[in-house]
Structure formats: C-alpha cells, structure tokens
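Participant: Model the structure of this input:
(chains A and B)
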Amino acid sequence: MTADVTLEGVNHRFGDFDALRDITLSFDAGEFVVLLGPSGCGKSTLLFILGGFLEPRSGTVKIGGQDMAGVAPKDRPTTTMFQDYALFPHMSLRDNVGFGLRMKRQSKAKRNARADEMLDLVGLLDKARAKPHELSGGQRQRVALARALAVEPEVLLLDEPLGALDLNLRRQMQEELKAIQRKVGTTFIHVTHDQEEAMAIADRIVVMNAGQIEDQGRPEDVYLRPKTLFSANFMGDINRLPNTLAKASGTTAACVRPENIGLSGEIALGDATLESSAFFGTYHRCHFRIAETTYVAHLPIGALPEPGATVPLFASNPVLLEMPE
Amino acid sequence: MRALSWIYIGAIFTFIFLPVVVLVLFSFQDSRLPVPPFNGPSLKWYTQVLNDRGLMEALTNSLLVALVSAAVALLLGFFAAQGLARIRLPGSVLMRGLLIAPMTVSYLIIALGLLSMFNDLGFRPSLWTTGVGHVVINVPLCFAILFASMGDHQKNAERAARDLGAGEVQVLFLVTAPMLKPALLAAYFLSVTFSWDEFIIAFLLTRFDVTLPVEIWSMLRSGLSPATNAIGSLVFLVSIAILFLLEFTVFRKPRA
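Facilitator: Model (predicted):
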C-alpha cells in the first residue's frame, strides 16, 4: 500500500518560535523522501504533523488525497518508526510486531502469521519469542521497522531511526532500508541530519533550514546543483571562487565542490601552494593557498604534489549561488 | 580487618532483629509472662489468639482496610502521576509538591485534621473513616513511586501504541499498566503494609470496629502476655510473607 502526500502552506509555532513557515511540498506515492537539515530546522516537527502527533497552526495536509485535519494518529494511514524505537518491553517480538493488527481486531493466528512474515523480512524470525531487551540496537531497529510495516501503512514516517547506531551498522541499515522500501513500495519519509545517509537512501532530498525548505531534488541535483548557499554548505564542503574568475557578479558567487578543484580544469585559479593534506582512502584532502584564499581540493590517489610545492590550480563545474548579506 | 567487619555485621543484625527474635521466642512461652526463663515451647497462646473473636475480627478489619485503601490510593496516585507526567499544566510543579507534601506531615496531625473534619461533617468514626485516613497517607507514596517510574521511554511507547491504532483504554491496559507493573505492585504492597501497621489514625478514627494495631494496644493495657507476642508474631509473619512475595515476583531480575 502506498499513497502520495501533499502539504500546503503548513505553519507551526512553539510559543514564539516559528518551527515551520509556509511549507508547501508534495511527495509521490512510493517515493523515498529524506527530510534533511540541522537540529531545530523543523524536520521532525514536519514528520510529527504528518503522523498526527501535532496539529499544524495553519495549512492543509493530504495523504492519498484525503484531508488529515483532525484525524488522530491511530486513524491515519501512516505509521512512525521512532528515534528510540519505542518497542513494548513486556511483549515478545512477535507480539510487538503483531500489536497493530491486534488493534485492528485480527485473529491471533492471522496476526502471528503476518508478524512472522515481517520478522522474516527483517531477518529476525528466529527471535520471534525473544523480548526487546535481549536484542542489540540494530536488531531493535529492525523490529521497530517490522512493527511499523506490519499494518501495511500507506506512508511510513522514520524519525532519525539510524541515529543511535554505530557507523558500520548505519551504512548496512541504510542499504537494508532502501531494499525493504523497494520491496514493499510504501512511501517512506525519513528524517535525518546526516547528509551522507540522505544521499545513500533518498529518491529525493528535501533540505530544510529554520522552518523553511531550502532546496529539494534528487541527491545528485542537490549535491551538484544546490539552489542555495545553505544547501550547498550542508551537503558538503564548498569553495567560493573570486568573482573576477567566474561569470559571477553582485550578490552571486561561484562555488565549487572540493572534487571539482584539481590540477587541470576549465577555470585557471592561479599558482597555489599546498599547505596540508590528509589521506582519506579514495582521495587526498588538500588545503591549497593562493594569496589570502584557501581552497579545499580532493585529489585522486597518486596526484598529490610535494608538501609546500606550488602548482597551478584549476576549477570546473562552478555553481552560481545567491549570497546572503 | 575481615573479622572486624563480620563482627560489625553481626552487631547490626543483632541490634535490628533481637527484639523480633525475643518477640517470636516468647510467643511460644508456656508460662503466663513473656519474660525469661523460657519454658516451652508451647502453641497454647496461638490457640488462644486464633480463638479470640475480637482479635480475629480486628485482623479481618485490618486486612480489609489495608487491601481496599491501598487499592484506592494506588488508583488515585496513578491517575495523578499519569496526568502530571503527560500533560503540561500551569502550576504542575506546585501540584506535584502539594501531592507529596502530606508525606512530611506527622500521622498524628493528619489524624487530628481528619477527626475534626469528620466531626464537622457529621461522620462517625468507623472503618470507613480509617480507610479514608489511610488513603490520605498512601496517595503521596503511590504518586511519588509511580511518577518517578514514568519516563520518556514510557511516553514514547504509549505514542507508538496510539500510532499503531490503539485507543486510550487499550493504551492503558496493554502498554502503560504492564510497563509500570513493578512500580504498581511495589506501590500497592507498600501501601498495604503501611496501612496494616498504622496505629494513630486507626486509633483516633475508629470506635467499635477497630483494626489490629488498636486491638493489640488495648490488649497491652492489661499488661504483658505471651498472647500479645503471639499476635505480634502473626503480624510479623504477614509482613515477611508480603516481602517474599514482592521479592520473588516483582523485583526478580528478568533472566537475561
């Protein structure tokens, strides 16, 4: 089951803090959307509004064409996978996963069968009788996913679900999440502040800041052709080129990703001195200096000049961005 | 050093338990006074105590008051804790303080207050008024225990249950209460024991249908007798039984 989601002019305030300002967005059915932004940007607030845990001050939320105003979480076609998993500690995994079906008054046999099917999907069928406290963090996370998907929601909301996992496990779970989403076809709306995670899993990234949408698009669009300086900065390092070199003027500036700075390219930056470098496995991260400006460049393996050497530096694919005053 | 610490432990336990041991020992006394030398053992005082209609009535009254007043206190404490933990109200800190404050007031003062209030309202002292008194002293206890064990963890699980389609009643019975089970049982049994032991309120707020501590007190007025030791031992036995029950059910660590 899957449904599209539209938000129109959604505003929310906590006291005198504007958590969301005039958010208008729409997601296609079956899309894997990531809401990305720093803490306090409103991404979790938006998720909670979709889940029905918060009622927006103004604006409309539609899921599958249905207006969600005044619809309680339990009556929405959404389920949420919470940041701390929120498993029921006194129930076995099977009962945890079957809880939503129990609320829908399905027979015990039916819901156990469905629970086992979901546990199998996340690879935990052999632990169906275990209690949550017997599991590792990654396993609990999988149970939370199975529980949220067992009721066949049209939209699954994920609130920083991978935040508590260590890096390796996080990468692995990202792949699993993506594979499971492909399999079940449900619309996934995932909140995170980790831009690498966003790029790894999203069909579409929505970058948020201070309660507003800064940018949205496919991961490669948001990364390579960001619409705002904030979005460019949040997705990774950027170098700002002097206006004399690029076709920029006034309040716009040309910005270039570190991997687009190198020893050859379209725009000659001039002779640069290598100040420092570090090895990152697949590239060398280098700091070059030209006069008063420092450039960050990712050079391919084997292309590293001697420390302190002066080499001609080039940039390619600059993006023109509006500079805030 | 090691020997010293053993001696210290022995001294502490002697200090704590010697009176109880003496009480229990002389309940088996064969002669008419619970003082050395010890003659016996004999079960005759137990026979006498168990056949004493007044005492057995008082014991039943005590059990009734303890079980019912603890249940009422638990229910009220739970609602208060759940409400104050979940909903932000203006002055909720003050409300929390007011709910816990009676713990610091002596039972004598509470009893006096209740006595004059019931007098003004025209209620005669009875088991009911005693029960109300015990609810008054146990609500703060139940509230404090339950409020302390309601964390974000609990709140999030309740939210997840609602998200999965549970109504408020289902959330209460399938998530909140089972998650709070250890705290609920601890609060209930502590309330039962406090009510079971309580003397001053029961003394001032009962007249004819007295509770066990009041009955024991009136027995003591006619002097020491192994019979009071016997009933004391029985009371002690009940407390120990509750303690073991708690230890083996509520506080047992789940097998990892």
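Participant: Stretch A:132-142 close to chain B?
Facilitator: Yes: counting by C-beta under 8 Å from any C-beta of the partner chain, chain B is contacted by stretch A:132-142 at A:133, A:134. Every C-beta, even on glycine, is put in place using the N, C-alpha and C of the backbone.
Participant: in that stretch, what's buried?
Facilitator: Counting neighbours by 16 or more other C-beta atoms under 10 Å in any protein chain shown, one finds that the buried residues in stretch A:132-142 are A:132, A:135, A:138, A:139, A:140, A:141, A:142.
Participant: Tabulate those residues (TSV), appending pLDDT.
Facilitator: Below are those laid out as TSV (pLDDT from 0 to 100):
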residue	pLDDT
A:132	90
A:135	89
A:138	84
A:139	88
A:140	89
A:141	87
A:142	88
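Participant: of all these, which two lie farthest apart?
Facilitator: Maximum pairwise distance in the buried residues of stretch A:132-142, criterion C-beta to C-beta, is 12.7 Å, between A:132 and A:138.
Participant: what do those two both touch?
Facilitator: Between them, residue A:132 and residue A:138 share no contacting residue under C-beta atoms under 8 Å, 6 or more residues apart in numbering or on different chains.
Participant: which SS class is residue A:8?
Facilitator: strand (DSSP: H, G, I helix; E, B strand; the rest coil).
Participant: Excluding residues flanking it in the chain, which one is nearest it?
Facilitator: residue A:60 (4.8 Å; C-beta to C-beta, 6 or more residues apart in numbering or on different chains).
Participant: pretty sure the one you found is in a strand, no?
Facilitator: Yes: counting by three-state DSSP, residue A:60 is found in a strand.
Participant: how much space is there between it and chain B?
Facilitator: 21 Å (C-beta to the nearest C-beta, to the nearest Å).
Participant: neighbours around that residue, how many?
Facilitator: Residue crowding around residue A:60 was assessed by other C-beta atoms under 10 Å in any protein chain shown; the count is 14.
Participant: Pretty sure it sits against residue A:5.
Facilitator: No: using C-beta atoms under 8 Å, residue A:60 is not in contact with residue A:5, being 11.4 Å away.
Participant: Give the buried residues for the lowest-mean-pLDDT helix or strand in chain B.
Facilitator: In chain B, the helix or strand scored least confidently by mean pLDDT, DSSP states H and E is helix B:44-50, which has a mean of 79. If you call a residue buried by 16+ other C-beta under 10 Å, then helix B:44-50 has these buried ones: B:45, B:46, B:49.
Participant: before we move on, what about stretch B:165-179?
Facilitator: B:165, B:166, B:170, B:171, B:172, B:174, B:175, B:176, B:179.
Participant: out of the residues you listed, which touch chain A?
Facilitator: B:165, B:166, B:170, B:174, B:175, B:179.
Participant: Residues of the stretch 1-150 of chain A that sit close to chain B?
Facilitator: Residues of the stretch 1-150 of chain A lying near chain B by C-beta under 8 Å from any C-beta: A:51, A:53, A:72-75, A:78-80, A:82, A:84, A:86-90, A:99-100, A:103-104, A:131, A:133-134, A:147-148.
Participant: Repeat that for the stretch 151-300 of chain A.
Facilitator: So the stretch 151-300 of chain A meets chain B at residue A:151 (C-beta under 8 Å from any C-beta).
Participant: just for chain A, where's the confidence low?
Facilitator: A:246-249, A:325 (pLDDT under 70).
Participant: Domain map for the chain?
Facilitator: Reading this off chain A. Domains of chain A are assigned by automatic domain parsing as A:5-231, A:238-322.
Participant: my bad, the chain I had in mind was chain B
Facilitator: According to automatic domain parsing, the domains of chain B span B:18-51+B:224-256, B:54-211.
Participant: Find the one among these with the highest mean neighbour count.
Facilitator: A comparison of the domains of chain B by mean neighbour count, using mean count of other C-beta atoms under 10 Å in any protein chain shown, puts domain B:54-211 on top with a mean of 18.
Participant: ends of that domain, how far apart?
Facilitator: Using C-alpha to C-alpha, to the nearest Å, the end-to-end distance of domain B:54-211 comes out at 10 Å.
Participant: And stretch A:277-291, by the same measure?
Facilitator: Across stretch A:277-291, first to last residue, C-alpha to C-alpha, it's 18 Å.
Participant: any idea how far the residue of the stretch 101-250 of chain A found nearest chain B is from residue B:162?
Facilitator: As assessed by C-beta to the nearest C-beta, chain B sits closest to residue A:103 within the stretch 101-250 of chain A, at 3.6 Å. Remark: distance between residue A:103 and residue B:162 (C-beta to C-beta, to the nearest Å) = 10 Å.
Participant: Over to residue A:312?
Facilitator: 63 Å.
Participant: Residue B:72 too?
Facilitator: According to C-beta to C-beta, residue B:72 and residue B:162 sit 28 Å apart.
Participant: returning to that earlier point: got the contact list for the residue nearest to residue A:8?
Facilitator: A:6, A:7, A:8, A:9, A:10, A:67, A:69.
Participant: Please verify my assumption that the fifth one contacts residue A:62.
Facilitator: No: in this structure residue A:10 lies outside contact range of residue A:62 using C-beta under 8 Å: 10.9 Å.
Participant: More neighbours: which of the two?
Facilitator: Using other C-beta under 10 Å as the criterion, residue A:10 and residue A:62 rank with residue A:10 on top: 22 against 16.
Participant: Can you name the residues bridging to the more buried one?
Facilitator: residue A:23 (DSSP bridges).
Participant: who's in contact with it?
Facilitator: A:20, A:22, A:23, A:24, A:46, A:49, A:56, A:58, A:59, A:60, A:61.
Participant: could you redo the last one with a cut-off of 7 Å?
Facilitator: A:20, A:23, A:49, A:56, A:59, A:61 (C-beta atoms under 7 Å, 6 or more residues apart in numbering or on different chains).
Participant: Residue A:151 now?
Facilitator: Contacts of residue A:151 (C-beta under 7 Å, 6+ apart): A:79, A:100, A:101, A:104, B:164, B:165.
Participant: In strands, which of those fall?
Facilitator: Of those, the ones assigned to strands by DSSP state E are residue A:79.
Participant: Just the closest of the contacts of residue A:151 to residue A:298, please.
Facilitator: Distances from residue A:298 to these, taken by C-beta to C-beta, are shortest for residue A:79, at 40.4 Å.
Participant: Return the residues of chain B in contact with chain A.
Facilitator: Contacts of chain B with chain A, taken as C-beta under 7 Å from any C-beta of the partner chain, map to B:156-157, B:159-166, B:170, B:175, B:178-179.
Participant: wait, isn't residue B:198 in contact with residue B:136?
Facilitator: No: judged on C-beta atoms under 7 Å, residue B:198 makes no contact with residue B:136 at a distance of 10.9 Å.
Participant: Let's have the residues of chain B next to chain A in JSON lines, adding pLDDT.
Facilitator: What follows is these, written out as JSON lines (pLDDT from 0 to 100):
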{"residue": "B:156", "pLDDT": "88"}
{"residue": "B:157", "pLDDT": "91"}
{"residue": "B:159", "pLDDT": "90"}
{"residue": "B:160", "pLDDT": "91"}
{"residue": "B:161", "pLDDT": "92"}
{"residue": "B:162", "pLDDT": "91"}
{"residue": "B:163", "pLDDT": "90"}
{"residue": "B:164", "pLDDT": "90"}
{"residue": "B:165", "pLDDT": "87"}
{"residue": "B:166", "pLDDT": "87"}
{"residue": "B:170", "pLDDT": "90"}
{"residue": "B:175", "pLDDT": "92"}
{"residue": "B:178", "pLDDT": "90"}
{"residue": "B:179", "pLDDT": "91"}
